[in-house]
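# return a 3D structure for these sequence lines:
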Amino acid sequence: MIDIHAETIGPVSKIPSHVPRNSRTGKKVNQATGWRWIQRGCRGVKLESILVGGHRYTSLEALQRFAERATAAADGTSPLAASTPSARRKAHEKACRELDEARI
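Purely as a prediction, here's the structure:
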């Protein structure tokens, strides 16, 4: 959750200015990409945003959290990486077994 008192807030349209250019093509991230990250997400991770006065905002810190979580999902080091139903079921069953073994 974005904390408007502690984070650097800005409009979604400013996301491209805070994301490095593509190292291969040299292109900037399109504004539509920021909206897609908020609405649909990337690799099961959504970019946090807030709605204030009819305008959508995000924060630099939310962008950092999004990048870290999306990277972890891409690297397979996140529970979100279990993207298929069977993989999620197996991850759930494993977690239940570990909780049972720990008697939690």
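
# for residue 14, see how far away residue 57 is.
From residue 57 across to residue 14, the span is 9 Å (CB to CB, to the nearest Å). (Glycine included, C-beta is placed from N, CA and C.)

# comparing the two, which residue is more hemmed in?
Shown here are residue 57 and residue 14; by other CB atoms under 10 Å, residue 57 has more neighbours (20 against 14).

# am I right that the more buried one sits in a strand?
Yes: Residue 57 sits within a strand when classified using DSSP: H, G, I helix; E, B strand; the rest coil.

# surely it meets residue 11?
Yes: Residue 57 is within contact range of residue 11, at 5.8 Å (criterion: CB atoms under 8 Å).

# quick check: residue 74 is in a strand.
No: going by three-state DSSP, the assignment for residue 74 is helix, not a strand.

# now it: closest residue in space, sequence neighbours ignored.
Distances taken as CB to CB, 6 or more residues apart in numbering put residue 43 closest to residue 74, at 5.7 Å, once the chain neighbours are dropped.

# ramachandran angles for that neighbour?
Main-chain torsions, residue 43, degrees, to the nearest 10: phi 60, psi 30.

# burial count for it?
When counting by other CB under 10 Å, one arrives at 15 neighbours for residue 43.

# got it, and residue 66?
Per other CB under 10 Å, the neighbour tally for residue 66 reads 20.

# pull the helix or strand with minimum mean pLDDT from this structure.
Counting by mean pLDDT, DSSP states H and E, the weakest-scoring helix or strand in the chain turns out to be helix 85-101, with a mean of 83.

# so which elements touch it?
Using 3 or more CB pairs under 8 Å, 6 or more residues apart in numbering; DSSP states H and E as the contact test, no helix or strand touches helix 85-101.

# quick check: phi and psi at residue 24.
Main-chain dihedrals, residue 24, degrees, to the nearest 10: phi -90, psi -40.
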